[in-house]
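> Can you look at this prediction? I've put the sequence above it.
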Amino acid sequence: MTTLPADPPRPTRDSAVPETLLAEYRARTPGSAAAYQRATAVLPGGETRFVTYFPPYPVILAEGHGSRLLDVDGIEYLDLVNNYTSLIHGNAYPPAMAAAAAVLASGAVFPSPHELQRELAELLVTRIPSVRRVRFTNSGTEASVLAARLAQRATGRGRLLLFNGAYHGSAPPLLADGPEVVTVPYNDIDAVRDALTEDIAAVFTEPFLGAGGVIPGRPEFLRATAELARERGALFVLDEVQSLRNAVGGVQTGLGLHPDLTVMGKVIGGGMPIGAIGGSEELLRLTAATTERNLAHSGTFNGHLTAAAAGSVTLRHLDAPAIDRLDLAARRLADVITAASAAAGIPTTVTRAGSILNVHFTPTAPVDAEQARAATTTPLLSALHLVLLLDGVYTTPRGMINLSTALDADDLDRAARAYTHAFQRLADMEIPTPSR
């Protein structure tokens, strides 16, 4: 059993990234450099969200519309991040923004339940078979914390089983080094069997490791994990904060899973902060104010009305045909990337879960976070990110790609050309690959 921290893979800070590339980036983005420097005077490290930083300094974005982003230097980028899966219809999606604006005109928060909260909950209950009741929070992190508390209350047990490389938020009790947490390798059912002792309240898993490198869970592994949890009296908690965008009823439906609790966020808020847990009426009743000896749960902005309004519109527009189009686009882009890297002589694989992808500088696809983490030690990852930025394509430093319905055929062709050009540039720079 491993006890490695479940931190997501991080891009290398290796000085082996060619200085000519760094110099080109600095020359192109003086406004971002100046804005970042000003930010360091009041924000630790110049940022307030760790994942947004990359060396030598991050692009400072000013606007986003559809598939495009604009930075403070006036440079336009094709958006292949979409705020880490949350903007399924692209930036400032007009129907969602109109719904949120209408709410602001009549009051966005009240010290009472609201019809918009009920409407979003009804939509989730309609779409996801395992969800009969919904409880809202302000973020996916808060939703995960609530799910953990509820599992502990329902089972009378204290510990949680997580997977190495998983990310369920940045708060206790879901941190890998916490006293209540046991971590095991992903896709390893024997490790689950050994670790799932009688003091485990819940097994938390994702259908794929999102922050851990977009590593798909083997269907048989996920189903066996759910069965083991129930056999041993623990709850099976499925984190669909990212994956809910990949199927109308969440990917749990296609996998034949019926989790005790589903953790949700990101797309269900339509670009606004939100989180939620869903499950059976019996289990969620423990959080109700009308239940004796309930699990107290409150929050000033739980179920914020702008998020409820924008989220309902977003989900209604995310139907099966839209998801199928995204899936096809992602498959084609993955094929382009692997073909382009092969032509450049750079061993690369792309892991994919629906319209979420991750580029790995490895000859074979990683199956767990430890393998994915090892692939981030090459300066190729940081170099690829910078080359794409210089070509007007905004991606993540760790190689993750998230498509949106705002991307049209021309956008996807542009992305394909940018990756093809990027691998050619990397080959010309003769940056050492992990296999060399």
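Thanks, I have the structure now.

> sec struct for Leu315, please.
Using DSSP: H, G, I helix; E, B strand; the rest coil, the three-state assignment for Leu315 comes out as helix.

> Would you mind listing the residues in contact with it?
Shown in contact with Leu315 (C-beta atoms under 8 Å, 6 or more residues apart in numbering): Leu120, Leu123, Leu124, Arg127, Val267, Ile268, Gly270. No exception for glycine: its C-beta is placed from N, CA and C like everyone else's.

> Now the fourth one: closest residue in space that isn't a chain neighbour?
What it means is Arg127. Distances taken as C-beta to C-beta, 6 or more residues apart in numbering put Gly249 closest to Arg127, at 5.1 Å, once the chain neighbours are dropped.

> In JSON lines: the contacts of Leu315, plus secondary structure.
Compiled in JSON lines, those are given as follows (three-state DSSP):
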{"residue": "Leu120", "secondary structure": "helix"}
{"residue": "Leu123", "secondary structure": "helix"}
{"residue": "Leu124", "secondary structure": "helix"}
{"residue": "Arg127", "secondary structure": "helix"}
{"residue": "Val267", "secondary structure": "helix"}
{"residue": "Ile268", "secondary structure": "helix"}
{"residue": "Gly270", "secondary structure": "coil"}
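
> So of those residues, which two are at opposite extremes in space?
Distance extremes for the contacts of Leu315: the farthest pair is Arg127 and Gly270 at 14.7 Å, using C-beta to C-beta.

> higher neighbour count, those two?
Looking at Arg127 and Gly270 with other C-beta atoms under 10 Å, you find the greater number of neighbours at Gly270, namely 30 against 18.

> Let me know the pLDDT of that one.
For Gly270, the model assigns a pLDDT of 97.

> try the one 4 residues further on
With respect to pLDDT, Ile274 scores 98.

> Surely it touches His304?
Yes. Using C-beta atoms under 8 Å, Ile274 makes contact with His304 at a distance of 6.9 Å.

> any residues in contact with both of these two?
If you check Ile274 and His304 against C-beta under 8 Å, 6+ apart, the residues they both contact are Asn138.

> In terms of neighbours, single out the busier of those two.
The neighbour count for Ile274 versus His304, taken as other C-beta under 10 Å, is higher for Ile274 (30 against 25).

> Report the buried residues of stretch 413-429.
Along stretch 413-429, the positions that meet the burial threshold by neighbour count (16 or more other C-beta atoms under 10 Å) are Arg414, Ala415, Ala416, Ala418, Tyr419, Thr420, His421, Ala422, Phe423, Gln424, Arg425, Leu426.

> between these, which is nearest Ala148?
Nearest to Ala148 among the buried residues of stretch 413-429: Ala415, at 37.9 Å, using C-beta to C-beta.

> Residue ranges in this structure under the pLDDT threshold?
1-15, 432-436 (pLDDT under 70).

> rerun that using 80 as the cut-off
By pLDDT under 80, the weakly predicted segments of the chain are 1-16, 176-178, 430-436.

> need the strands for the stretch 251-400 of the chain, in chain order.
For the stretch 251-400 of the chain, applying DSSP state E, counting those that start in this stretch gives strands covering 261-265, 275-279, 349-353, 356-360, 393-394, 400-402.

> how about CSV for those strands, with mean neighbour count and distance to Ala99 added?
CSV is the format used below for the strands of the stretch 251-400 of the chain (neighbours: other C-beta atoms under 10 Å; distance: least, C-beta to C-beta, whole Å):
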stretch, mean neighbour count, distance to Ala99
strand 261-265, 29, 18
strand 275-279, 28, 18
strand 349-353, 21, 28
strand 356-360, 26, 25
strand 393-394, 22, 26
strand 400-402, 25, 22
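
> just checking, the residue nearest to Arg127 touches Leu124?
No. Taking C-beta under 8 Å as the definition, Gly249 is not a contact partner of Leu124, at 9.7 Å.

> Which members of the buried residues of stretch 413-429 are the farthest-apart pair?
The largest distance within the buried residues of stretch 413-429, taken as C-beta to C-beta, falls between Arg414 and Leu426 and amounts to 18.6 Å.

> On the three-state scheme, Asp411 is what?
Under the three-state scheme (three-state DSSP), the conformation of Asp411 reads as helix.

> ok, now which ones touch the nearest residue to it once chain neighbours are set aside?
Once its chain neighbours are removed from consideration, Asp411 has its nearest residue in Ser67; the separation is 5.1 Å (C-beta to C-beta, 6+ apart). For Ser67, the contacting residues are Leu78, Asp79, Gly90, Asn91, Ser404, Ala406, Leu407, Asp408, Asp411, by C-beta under 8 Å, 6+ apart.

> helix/strand/coil for the residue nearest to Arg127?
Assigned state for Gly249: coil (three-state reduction, three-state DSSP).

> which residues touch it?
With contacts defined as C-beta under 8 Å, 6+ apart, Gly249 is in contact with Arg127, Ile128, Pro129.

> And the residues you listed, which is closest to Asp327?
When the contacts of Gly249 are compared for distance to Asp327 (C-beta to C-beta), Arg127 comes out closest, at 17.3 Å.

> With Leu412 as the reference, measure out to the closest one.
According to C-beta to C-beta, to the nearest Å, Arg127 stands 27 Å off from Leu412.

> again with Leu78
9 Å.

> Check Ala154 too.
As judged by C-beta to C-beta, Ala154 and Leu412 stand 45 Å apart.

> Same check on His258?
Relative to Leu412, His258 is positioned 35 Å away (C-beta to C-beta).

> Between the two, point out the one with more neighbours.
For His258 and Leu412, the more surrounded residue by other C-beta under 10 Å is Leu412, and the numbers stand at 20 against 15.

> Next, the contact list for Val184, please.
Met1, Thr2, Leu161, Leu162, Phe163, Asn164, Ala191, Val192, Asp194, Ala195.

> want to throw those residues into JSON lines with distance to Val237?
Formatted as JSON lines, the contacts of Val184 follow (distance: C-beta to C-beta, whole Å):
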{"residue": "Met1", "distance to Val237": "20"}
{"residue": "Thr2", "distance to Val237": "20"}
{"residue": "Leu161", "distance to Val237": "10"}
{"residue": "Leu162", "distance to Val237": "10"}
{"residue": "Phe163", "distance to Val237": "12"}
{"residue": "Asn164", "distance to Val237": "17"}
{"residue": "Ala191", "distance to Val237": "18"}
{"residue": "Val192", "distance to Val237": "14"}
{"residue": "Asp194", "distance to Val237": "20"}
{"residue": "Ala195", "distance to Val237": "15"}
